[in-house]
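[1] Fold the following, please.
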Amino acid sequence: RAVSVFEVMPSKNTLSFNLMIFICIRAGKLDKAIEFMQEMYQHGYLPANIAYAQIVDGYSRDGQIDKAMALLDEVLESNTWSTGDSMDGYLVSSILSVCGKYDRMDIVESVFGRLDTNRCNPSHLAAYNAMIYVCGMNSLPESRLLDVAFSTYKRLLSHPVLKPNAITHSAMASVILKHRVRNHVAIQVLTLLRREISKVSYPLPTGDESEDLDQSEDNSLIDVVG
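    Residues are numbered from 1 along each chain as shown. Got it, this is the predicted structure:
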């Protein structure tokens with residue numbers, strides 16, 4: 001019914017188009033949402049970046065990876081994921097998550113690396129968190145994933161604007177525990193995570209590792225991986 005009403009509207013604008021796109025996304029009609037996006041372009045309007053993110057995520061969840069990757073290619077080529085001189089962190093996080101799920105770390109690292117060339121905004125924290133999360137689900141060699149995860153977390157710790165949050169800590173803990181890493185680096189990272197998480201009352205998973213968390217309390221991640 002919403003589509004019928006929209007079609008007879010005498011005047012359409014960015015707001016009305018985006019509203020229809022989100023209605024389609026919520027109803028699971030992703031192909032129809034794409035049609036409205038294409039119609040927007042014909043009228044000289046641009047869809048909201050979050051719409052791209054939700055459609056990409058929807059295709060990925062439905063197992064339609066070809067459609068998800070096709071939309072990602074369109075986004076990357078058109079640079080619609082950037083607003084002015086600042087990238088949309090939420091759209092970037094969707095790109096990282098989908099590409100990471102299908103072991104496209106070449107795209108993941110290329111896209112994430114572009115954050116450094118853009119003016120920072122709060123949404124970039126979502127991209128950092130997604131980058132760490134990807135390291136916990138990818139099938140690359142364990143040492144490679146840990147290097148990427150640790151270096152990303154280190155960058156976030158020393159970032160002048162962004163700071164880790166509960167999602168960051170959970171993603172880091174997941175990377176370490178999933179890969180069953182029990183070396184001194186993993187213990188010191190978990191120690192730091194426990195210290196940071198205690199500030200927001202967000203507990204780490206318990207297990208045998210918890211007995212080792214009291215070791216090296218004064219060491220920081222930056223000292224370990226720096």
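
[2] Spell out for me which residue occupies the centre of the protein.
    Closest residue to the average C-alpha location of the chain: residue 93 at 2.3 Å, with Cα atoms, centre = their mean.

[3] Per-residue confidence at that residue, what does it come out as?
    According to the prediction, residue 93 has pLDDT 86.

[4] which residue sits closest to it, ignoring its sequence neighbours?
    Leaving out its chain neighbours, the residue that sits closest to residue 93 by Cβ to Cβ, 6 or more residues apart in numbering is residue 130, at 3.7 Å. Placement of C-beta: from N, CA and C, glycine included.

[5] and the one you found, which of the three is it?
    helix (DSSP: H, G, I helix; E, B strand; the rest coil).

[6] what about the helices in the chain?
    Shown for the chain, the helices assigned by DSSP state H span residues 2-7, 14-26, 30-42, 49-61, 65-78, 89-101, 105-113, 124-135, 142-157, 166-178, 184-197, 221-225.

[7] any idea how far the fourth one is from the chain center?
    Chain-centre distance of helix 49-61: 12 Å, with Cα atoms, centre = their mean, to the nearest Å.

[8] residue contacts, residue 59?
    When contacts are counted by Cβ atoms under 8 Å, 6 or more residues apart in numbering, residue 59 touches 30, 65, 67-68, 71.

[9] mind running it again at 10 Å?
    Residue 59 sits next to 30-31, 34, 65-72, 98 when contact means Cβ atoms under 10 Å, 6 or more residues apart in numbering.

[10] Report the two of those residues separated the most.
    Largest separation among those by Cβ to Cβ: 31 and 98, giving 17.3 Å.

[11] Which one's more surrounded, those two?
    Legend: neighbour count by other Cβ atoms under 10 Å for residue 31 and residue 98, higher for residue 98 (25 against 11).

[12] That one - nearest residue in space that isn't next to it in sequence?
    When the adjacent residues along the chain are set aside, residue 98 lies closest to residue 60, with 4.7 Å between them (Cβ to Cβ, 6+ apart).

[13] One more: residue 162?
    Distance criterion Cβ to Cβ, 6+ apart; nearest residue to residue 162, sequence neighbours excluded, is residue 125 at 4.9 Å.

[14] okay, now the one you found: neighbour count?
    The burial count for residue 125: 22, using other Cβ under 10 Å.

[15] So it versus residue 111, what's the distance?
    Taken as Cβ to Cβ, to the nearest Å, the spacing of residue 125 relative to residue 111 amounts to 16 Å.

[16] swap in residue 135?
    Taking Cβ to Cβ, one finds residue 135 at 15 Å from residue 111.

[17] Test my guess that the residue nearest to residue 98 contacts residue 104.
    No: with contact defined as Cβ atoms under 10 Å, residue 60 does not count as touching residue 104 (11.9 Å).
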